[in-house]
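> Any chance you could fold what I've pasted below:
(one chain, ligands or ions: 1)
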Amino acid sequence: MTRPHVRVGARKSDLARTQAEWIAARLEELGATTEFVGVVTTGDTDRRHLTEIGGTGIFATAVRSELLEGTIDVAVHSLKDLPVDPAPGLVVAAIPAREDPRDVLVGRHLDELRSGMRIGTGSPRRVVQLAHLLAERGLEIEIVPIRGNVGTRIDLARRGEVDAVVLASAGLRRLGILTGHEDRTILAGLAAESIPVRDVLPAAGQAALACEVAQTADPELMALMAALDDLPTRLAVTAERRFLGTMEAGCLAPVGAHATVGEGLDLTLRAVAGQMIRSTSSSDAGTPLTLVEGDAPAPDGESPADAVGRAADLGDRLARTMVLRHPAETA
Ligand SMILES: NCc1[nH]cc(CCC(=O)O)c1CC(=O)O
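Just a heads-up that it's a prediction; the model follows:
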């Protein structure tokens, strides 16, 4: 029998390529041969701020077209960058076990932050939660909009253009920049500290990968995908993404959502929504944050498909609670 050959496509950034290579390595362990196909996306060529380019899925769209055209067999995405609405003709066939879902402050440890410092982040979700956290600690810190890939953002802190930046732990770990399990550490010569999820909730799907294939993919490829799928991760991200979907919030909305999966696949979901901040100082953090939390215990003898349904219902239910409690526009 010949080994299946899988063309694995992703964006061309270092992180996207590393993630695709990780998936390719898993597929090779399962007996496949693989090749990497790099795809250039609008998000990579347009230097404007992401909130200005607008639209969701600017990173995913180009990679998805390659799938639909049949030039690649599997698209590897960061799940948090993948629009919640399914793409016609495509299916997320595998969600492997998630990495550390937390954000990391790079440049200063949390207790080294002082009024007058500047923190760089382009994410509205991070802005609203950091502003709130810093104001609570009596700090007046300017939050500066930045963007760029992981290396570019770390360099801003290294060169002192900002005192610290905020990055996803998962990206840093996948790139091998962050290692070890201490919450406070040194990374590439800079202070770094993982921010507890109770202080800054991650983006829905953060730290998880999504392997997307054509609905018409052959059974052999589908079997490989099934072997990569991790049910606890799928349940957690299903709850988080359904929350986002029901809120009608995109990946650029100031919304965080994080689900944990306990013994026997019991689920807990916590989510936060802020309001679009126009000012960028943490002293003006009068913007209300609304927090909601809910759980969905697993019944005995539940099938995996029913568990996914339960996760989706939890996300849906919590989003409805959020919409009732949260005052104004969140998108
Ligand atoms: N927004 C871009 C992006 N998309 C996925 C990751 C990293 C890892 C992940 O969440 O899977 C990052 C970088 C970051 O937010 O620092």
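> what's the pLDDT at the closest residue to the ligand within the stretch 201-331 of the chain?
When scored by CB to the nearest ligand atom, the stretch 201-331 of the chain has Gln206 as its residue closest to the ligand, at 4.0 Å. Yep, even glycine has a C-beta here, placed from its N, CA and C like the rest. With respect to pLDDT, Gln206 scores 98.
> just checking, it touches Lys80?
Yes. Shown here, Gln206 and Lys80 form a contact pair, counting by CB atoms under 8 Å, at 4.7 Å.
> which SS state does Thr260 fall under?
With DSSP: H, G, I helix; E, B strand; the rest coil as the basis, Thr260 sits in strand.
> before we move on, what about the one 10 residues further on?
Classification of Arg270 by three-state DSSP places it in strand.
> ok, Ala25 to Leu228 distance?
11 Å (CB to CB, to the nearest Å).
> Show me how far the helix or strand encompassing Ile154 is from its chain's centre.
Assigned by DSSP states H and E, Ile154 falls within helix 150-158. Counting by CA atoms, centre = their mean, to the nearest Å, helix 150-158 is centred 19 Å from the centre of its parent chain.
> Could you say which helix or strand holds the residue nearest the centre of the chain?
Nearest to the geometric centre of the chain sits Gln206, at 2.4 Å (CA atoms, centre = their mean). Using DSSP H and E, Gln206 is not contained in any helix or strand.
> Could you tell me the model confidence score at Ala239?
At Ala239, pLDDT is 98.
> thinking again about what came up before, and for Gln206 and Lys80, which residues touch both?
Common neighbours of Gln206 and Lys80, using CB atoms under 8 Å, 6 or more residues apart in numbering, are Ala168.
> Check the spacing between the residue of the stretch 201-331 of the chain closest to the ligand and Gly189 real quick.
In terms of CB to CB, Gln206 sits 25 Å off from Gly189.
> Same check on Val6?
38 Å.
> Neighbour count for these two, which is higher?
A count of neighbours by other CB atoms under 10 Å puts Val6 above the other of Val6 and Gly189, at 23 against 7.
> tell me the SS of the more buried one?
Going by three-state DSSP: Val6 is strand.
> now swap in the one 4 residues further on and tell me
For Ala10, the secondary structure call by three-state DSSP comes out as strand.
> Excluding sequence neighbours, find me the nearest residue to it.
Ala20 (3.8 Å; CB to CB, 6 or more residues apart in numbering).
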